[in-house]
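[1] give me the fold of what follows.
(chains A and B, ligands or ions: 2)
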Amino acid sequence: MGKAGRIARRTFLIGTASVLGGVAFGYYMYKRPMTNPLLADLEPGEAALTPYVLINAEGVTLITPRADKGQGVYHVQAALIAEELDVDLAAVKTDPGPPSAAYYNTALSAEAVPFASYDQGFVAETMRNVMDAPMKFMGMQITGGSTTVPDSWEKLRIAGAVARETLKKAASEISGINTTALKTENGAVILPDGSKMRYEELAAKAAEIEPVGRVKLREPDEWRYIGKKMQRIDIVAKSTGQQDYGIDMHAEGMLFATVKLNPGQGGALNGFDASAAEAMRGVEKVFEIPGGVGVIADNTWRAFKAAEAVECDWGDAPYPAEQAQHWQVLSESFVSDRQDSRQRDDGDVEALDLDHAVEYRGPYLSHAPLEPINATVLVQEGRVDVWTGTQVPRFAQAHVAEVTGLPEENVHIHVLMMGGSFGHRLEDDVVIRAAQVAMQAKGRPVKLTYSREEDMAHDFLRPIAMMRAKGAVGDGQVKALDMSIAAPSTVASQMGERQGLALPGPDPSIVNGAWDQPFAIPDYRVTGYRAPKLAPVSSWRSVGASINGFFHESYLDELIHAAGADPLEERLRLCIDPTARNVLEAVGEMSGWSGGAIGEGRGRGLAMTVSFGVPCAEVVEVSAGEDGIKIEKVWVAVDVGRVVDPVNFEGLVKGGVVFGLGHAMFAEMTFAGGAVEQRNFDSYPYMRLGQCPEIEVRGLETGPKIRGVGEPPVPPAAPALGNAIFAATGKRLREMPFAKQVDFV
Amino acid sequence: MKLVVNGKAHEVDVEDDMPLLWVLRDELGHREVKYGCGIAQCGACTVEIDGEAVKSCQVWAADVEGEVKTITAPDPSEALTALQEAWIAHQVAQCGYCQSGQIMLAASLLSETPAPSDDEIDEAMNANLCRCGTYPRIRAAIKDAALKLGGA
Ligand code: FES
Ligand code: FES
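    Numbering: from 1, shown residues only, chains lettered A, B, ... in the order given. Ligands and ions are numbered 1, 2, ... in the order given. So this is what the prediction gives:
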């Protein structure tokens, strides 16, 4: 909170009180008046407390607390504030702000309740509101789950509007002109005679007065930014080599470090010999940290080389050493005492004679953002500074406090731009490591960089999962579907083990993307089984839906084929959610859908998954030639209720499709000897430009709520591709990556 | 050893086997050149040496004879300028981490092949990786820049 603390007295920080003295969430009076008893103690006046706008003599700074890992949310957050504040997006600064409970994520908790997103009945909505309260108390300032836009949609526009009206009030007090006669434009209050009072000039006055408590948000036809094509605020820097990322952190006197950790994740360091490493040029220090060694040098490459030269005696990994054993654990988990959830149980599948038995598998995956993980830490007397790209600044702050023995408020986290994440930076292990390393060089900033190999060896992977299903068809229709999914728990590993948050109840990520699909199959059951803990696992872009979308939509396709029905028509017949119907119809129209068979050696596949409340339907067209499968074209229809920035939206959707396809085609992480076998992009291949199809995107705006689009395009990509390959070749792919079974051009 | 980067001569004292990438980043402060893999897989580290795209993690600084240019070179080639403009117009970047390397690779493609076919673009650009999946826009931006350069 350094910045706020330093400038609060002579500048105008809207919401100073809320940042410095407790937390108030004023926007609730606009959102859901008094429905949640836990929020009832908010006075109407507290609506003013919105810690998102900072104005001082230098200009306007918009605080954008959701982290940008490439999805453009600094831009989107700034645009939402600017829409009401009347500032030029190109002229304002943005700052991620300090870690603060005030920036807790309202939308994230909505995904933690056991209701399908299309269920907006009274009970479901009430539960979502109640879940919000614990999220608030935990102060979870988290970026994830495609929640930034839904979370920010009202609260940032209100923040902008409150700031604008307060500035008008200040101008009114100075000029003696009634606020109703004042307008705002381009960073200034405009008086009736056309003269301007810049926001910067009004800051001092505005800081003295009570912020305006009640504001009315602009109607859509008044919007200048929302829904229009905008230039992302980071696009010039990112096109000219000017953008710095966490890994580019530099400070006077900085040291360069790396770590070498037990490749058996969580295993012990029994002993090590650093004599060769210590003799290497530029090496300052080699030392033990929990589960490994740290190396401090005067150059990153020298640190990497020295780490390679350290000989370590590793303890065993605390999970089975071989991949086959991991699969074995899953295959033994379809038993009643491991049942975790049965959130879908329509009709009575038990009473039926089911057929079409299959088994599907989804592999462990690494996040592997292109920027390897890193963090820079400076430990001083009574103060620690941390510079890093993180999605969980509050967790990082608490952990660094633990490592350094300082109170949390003395730990200052500076969030830097991230070169991708895909969920990787929801983990703060690298920050803990950086603090452990920096404790060895107090008084000097130490930048810890993981080599690509170390990054992948210590990623917290997407879990493996196994699905067993049976079904029934008749009269050309899908009649029954009984699906069981076994996977280790992401929530228990990520939130439980590493963040100490015991979240009771079933783990939704085991079944999300399967149980919550909007289909009225008469006899329809989805059961989740929680496998015992294996390798540590975490959230990977689109989380459970990234696997379960593949399971559900591939198997549904099998049943539709067995029924002799058309994949689009049968899904439409079964679909009970109007928004999901719209995307199905749209993708059918865009692609000119006329079935999967489109001629010799060609095929089309369709899939639709609702994830994070967003239905996304994709059609993939492939050709099967002598050299293998080629993805010719993809059509995507997706409905987020409201598209904030169409350019950024389209880019994110295409990127999500590539992400889903690229991993389904090629990627898996496997264990041997307790360690992952894939440590770099040679053994963890991904789609290349030449393999990337043309992708046509349509963003629909018919859904009842505004949603984010970072993740929803990922889940349907793999099954749409698998279904297309089946249509082209007759070969049904039940295990990712597909490259194990077919060749790609 | 001597190293000329973006027109500026430097005297550096490093091991013979230190890759150019790390000399640029950690010794000379050229952090616009990115580290992604260190093994020629991603191309985030791509720079130009005497007009040719080179993965800087794959050459020893001691072996570099020509002039090194990075994306921030003060005298960019026409192709580099056109590509940066096209990258901005198409809003290619997501995380942006790969993009310095992508642009440098595209610049060398266009300097050798001013009007590349789709296949030529695919083949050249296969050398670099974008985990965010910005490929469709990379393709569009290269075509746009090529068109502009051809028309000039
Ligand atoms: S860092 Fe050089 S190719 Fe990846
Ligand atoms: S834009 Fe993120 S890796 Fe290419």
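
[2] who in the stretch 551-700 of chain A is up against chain B?
    Contact residues, the stretch 551-700 of chain A versus chain B (C-beta under 8 Å from any C-beta of the partner chain): A:647-648, A:651-652, A:654-659, A:662, A:680-682, A:686-690, A:692, A:694-695. Placement of C-beta: from N, CA and C, glycine included.

[3] and those, which are buried?
    With neighbours counted by 16 or more other C-beta atoms under 10 Å in any protein chain shown, those contain buried members at A:647-648, A:651-652, A:654-659, A:662, A:680-681, A:686-690, A:692, A:695.

[4] centre-most residue in chain B?
    Centroid-nearest residue in chain B, with C-alpha atoms, centre = their mean: B:Met104, separated by 2.4 Å.

[5] how distant is the helix or strand harbouring it from the center of its chain?
    Element membership for B:Met104 (DSSP states H and E) is helix B:99-112. How far helix B:99-112 lies from its chain's middle: 5 Å, per C-alpha atoms, centre = their mean, to the nearest Å.

[6] sort out for me which of the buried ones among the residues of the stretch 551-700 of chain A next to chain B are in strands.
    Of those, the ones assigned to strands by DSSP state E are A:Ile695.

[7] mind checking the SS state of A:Gly710?
    A:Gly710 falls in the coil class when you classify it by DSSP: H, G, I helix; E, B strand; the rest coil.

[8] okay, it: pLDDT?
    For A:Gly710, the model assigns a pLDDT of 91.

[9] now the closest residue to A:Arg679 other than its chain neighbours: how far from ligand 1?
    Leaving aside its chain neighbours, A:Arg679 sits nearest to A:Glu453 (4.1 Å; criterion: C-beta to C-beta, 6 or more residues apart in numbering or on different chains). A:Glu453 sits 12 Å away from ligand 1, going by C-beta to the nearest ligand atom, to the nearest Å.

[10] and A:Glu453, how many neighbours?
    21 (other C-beta atoms under 10 Å in any protein chain shown).

[11] can you give me how far the helix or strand in which it is found is from the chain middle?
    In the assignment (DSSP H and E), A:Glu453 maps to helix A:452-457. Taking C-alpha atoms, centre = their mean, one finds the center of helix A:452-457 at 21 Å from the center of the full chain.

[12] what's it packed up against?
    In terms of contacts (3 or more C-beta pairs under 8 Å, 6 or more residues apart in numbering or on different chains; DSSP states H and E), helix A:452-457 is packed against strand A:255-261, strand A:675-676.

[13] flag every buried residue along whichever helix or strand comes after that helix.
    Note on helix A:452-457: by DSSP H and E, the next helix or strand toward the C-terminus is strand A:465-474. Within strand A:465-474, the residues that count as buried by 16+ other C-beta under 10 Å are A:Ala465, A:Met466, A:Met467, A:Arg468, A:Ala469, A:Lys470, A:Gly471, A:Ala472, A:Val473.

[14] what's next to strand A:465-474, contact-wise?
    Contacts of strand A:465-474 with the rest of the structure, by C-beta atoms under 8 Å, 6 or more residues apart in numbering or on different chains, involve A:327, A:330-331, A:333-334, A:352-362, A:478-487, A:510, A:514, A:523, A:547-548, A:551, A:555, A:558-559, A:562-563.

[15] thinking again about what came up before, of the helices and strands packed on helix A:452-457, which is nearest B:Ala44?
    Of all the helices and strands packed on helix A:452-457, strand A:255-261 sits nearest to B:Ala44, with 18.0 Å by C-beta to C-beta.

[16] and the next element down the chain from the closest one?
    Assigned by DSSP H and E, the successor of strand A:255-261 is strand A:269-273.

[17] packing partners of the longest helix along chain A?
    In chain A, with assignment by DSSP state H, the single longest helix is helix A:148-175. In terms of contact count using 3+ C-beta pairs under 8 Å, 6+ apart, helix A:148-175 is assigned the packing partners helix A:28-31, strand A:53-56, helix A:73-85, strand A:183-185, strand A:188-190, strand A:196-198, helix A:199-208.

[18] picking that back up, what about the helix holding A:Glu453, near ligand 2?
    No. Judged by C-beta under 6 Å from any ligand atom, helix A:452-457 stays clear of ligand 2, getting no closer than 13.3 Å.

[19] where does pLDDT dip in the chain?
    All of this refers to chain A. A:1-51, A:57, A:97-146 (pLDDT under 70).

[20] please refer instead to chain B.
    Applying pLDDT under 70 to chain B flags residues B:151-152.

[21] quick one, strands of it?
    Under DSSP E, chain B gives strands at B:2-5, B:8-11, B:46-49, B:52-55, B:68-69.

[22] including mean neighbour count, could these go into CSV?
    Listed next are the strands of chain B as CSV, based on neighbours: other C-beta atoms under 10 Å in any protein chain shown:
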stretch, mean neighbour count
strand B:2-5, 17
strand B:8-11, 10
strand B:46-49, 24
strand B:52-55, 20
strand B:68-69, 25
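
[23] how is the chain divided into domains?
    Answering for chain A, as no chain was given. Under the assignment automatic domain parsing, the domains of chain A span A:4-105+A:140-239, A:246-317+A:373-449, A:323-365+A:460-740.

[24] I was thinking of chain B, sorry if that wasn't clear
    According to automatic domain parsing, the ranges for chain B are B:2-69, B:78-148.

[25] just these: most buried one?
    For these, the largest average neighbour count (mean count of other C-beta atoms under 10 Å in any protein chain shown) is found in domain B:78-148, namely a mean of 23.

[26] wait, does it contact chain A?
    Yes. With C-beta under 8 Å from any C-beta as the criterion, chain A is reached by domain B:78-148 at B:84, B:87-88, B:91-100, B:103, B:121-123, B:125-126, B:128-139.

[27] the strands of chain B into a markdown table, with extra columns for distance to A:Glu165?
    Conversion of the strands of chain B to a markdown table gives the following (distance: least, C-beta to C-beta, whole Å):
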| stretch | distance to A:Glu165 |
| --- | --- |
| strand B:2-5 | 52 |
| strand B:8-11 | 52 |
| strand B:46-49 | 50 |
| strand B:52-55 | 54 |
| strand B:68-69 | 51 |
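
[28] closest one to A:Thr670 among those?
    strand B:52-55 (27.5 Å).

[29] quick one: that closest one near chain A?
    No. If you take C-beta under 8 Å from any C-beta as the test, strand B:52-55 misses chain A, and the best it gets is 12.5 Å.

[30] what does that strand rub up against?
    B:20, B:40, B:43, B:45-48, B:104-105, B:107-109, B:127.

[31] now the one residue in the stretch 51-200 of chain A that gets nearest to chain B. Nearest residue, chain neighbours left out?
    Nearest residue of the stretch 51-200 of chain A to chain B: A:Gly70, at 2.8 Å (C-beta to the nearest C-beta). Distances taken as C-beta to C-beta, 6+ apart place B:Cys95 nearest to A:Gly70, at 2.8 Å, with adjacent residues excluded.

[32] so what's the one you found up against?
    Counted by C-beta under 8 Å, 6+ apart, B:Cys95 has contacts A:Lys69, A:Gly70, A:Pro369, A:Leu370, A:Glu371, A:Met417, A:Met418, A:Gly419, A:Gly420, A:Ser421, B:Arg131, B:Cys132.

[33] enumerate every residue touching A:Lys654.
    Per C-beta under 8 Å, 6+ apart, neighbours of A:Lys654: A:Val636, A:Ile695, A:Val697, A:Pro713, B:Gly133, B:Thr134, B:Pro136, B:Arg137.

[34] specify which member of those residues is nearest to A:Gln243.
    B:Thr134 (14.2 Å).

[35] isn't that closest one right next to A:Gly651, touching?
    Yes. Using C-beta atoms under 8 Å, B:Thr134 is in contact with A:Gly651, at 6.9 Å.

[36] which residues do these two both contact?
    B:Val92, B:Gln94.

[37] for B:Pro74, the count of nearby residues, please.
    B:Pro74, neighbours per other C-beta under 10 Å, totals 8.

[38] show me which residues of chain B are close to ligand 2?
    So chain B meets ligand 2 at B:Ala93, B:Gln94, B:Cys95, B:Gly96, B:Tyr97, B:Cys98, B:Gln99, B:Cys130, B:Arg131, B:Cys132, B:Thr134 (C-beta under 6 Å from any ligand atom).
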